[in-house]
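K.L.:
take a look and give me a structure for this.
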Amino acid sequence: MQNLVSLNLTADDLAALDGALATIETLLGRGVALSAQQRRDLYKMGDKSEAFCRQSLRLLANNPQVVPPGLGLEEAQADLAALDALRPRLEKLRQLAERGDDTELALGSDIMGVALEGYALLKVAGKGEALKTARRELSARFEKQGRRKEPALAE
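P.N.:
Down below sits the predicted model:
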């Protein structure tokens, strides 16, 4: 029997988690939500571009005589500081989301494994009329499916 994870979240745990998520939502909710079109149309700052941007902002700050008033240098510097502050937190969120996804998958797999084994037992042991209807309802899950191999467990 597989048991990849056992997770028992108390009501207090869930309340704390909900509170933390609400705080994150409040703080990150001040950010922007872009449409797919906006995402496609925006400049993208990759690693090489980031080095260029950092150097450009530094040179502009060191040579204010060449900076026109409407360029937005101060805002760009503030954006860079916000990006630097936000990145490690977003990375932590990504890691936690990935762990959450893995935990969700493992819990579902554990449940599915027991349900499949239990269903097989019901098919063999439940020959009586009382279980016949329940077995028929459960078998609907497998209608219109070909035979499949058992899923391989990750080692």
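
K.L.:
tell me the mean pLDDT over the helix or strand containing residue 139?
P.N.:
In this assignment (DSSP states H and E), residue 139 forms part of helix 129-139. Averaged over helix 129-139, pLDDT sits at 73.

K.L.:
now for it, which elements pack on it?
P.N.:
For helix 129-139, the packing partners by 3 or more C-beta pairs under 8 Å, 6 or more residues apart in numbering; DSSP states H and E come out as helix 73-125. From N, CA and C alone the C-beta is placed, and that goes for glycine too.

K.L.:
what helices or strands is the helix it packs on leaning on?
P.N.:
Using 3+ C-beta pairs under 8 Å, 6+ apart: helix 73-125 touches helix 47-62, helix 129-139.

K.L.:
looking at those, which is nearest to residue 13?
P.N.:
Among the helices and strands packed on helix 73-125, the nearest to residue 13 by C-beta to C-beta is helix 129-139 (32.4 Å).

K.L.:
give the buried residues for the helix or strand of the chain with the lowest mean pLDDT.
P.N.:
Taking mean pLDDT, DSSP states H and E as the measure, the chain has helix 129-139 as its least confident helix or strand, at a mean of 73. Neighbour counts over helix 129-139 (16 or more other C-beta atoms under 10 Å) mark residue 138 as buried.

K.L.:
next one: that helix to chain centre, how far?
P.N.:
37 Å (C-alpha atoms, centre = their mean, to the nearest Å).

K.L.:
kindly export the helix holding residue 139 (C-alpha atoms) in CSV.
P.N.:
C-alpha atoms of helix 129-139 as CSV (Å, rounded to 0.1, in the frame of the first residue of the first chain):
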residue,chain,number,x,y,z
GLU,A,129,-27.3,-8.4,-4.1
ALA,A,130,-26.7,-5.6,-1.5
LEU,A,131,-23.3,-4.7,-3.0
LYS,A,132,-24.3,-5.3,-6.6
THR,A,133,-25.8,-1.8,-7.1
ALA,A,134,-22.9,-0.1,-5.4
ARG,A,135,-20.3,-2.0,-7.5
ARG,A,136,-22.3,-1.0,-10.6
GLU,A,137,-22.1,2.6,-9.6
LEU,A,138,-18.4,2.4,-8.9
SER,A,139,-17.7,0.6,-12.2
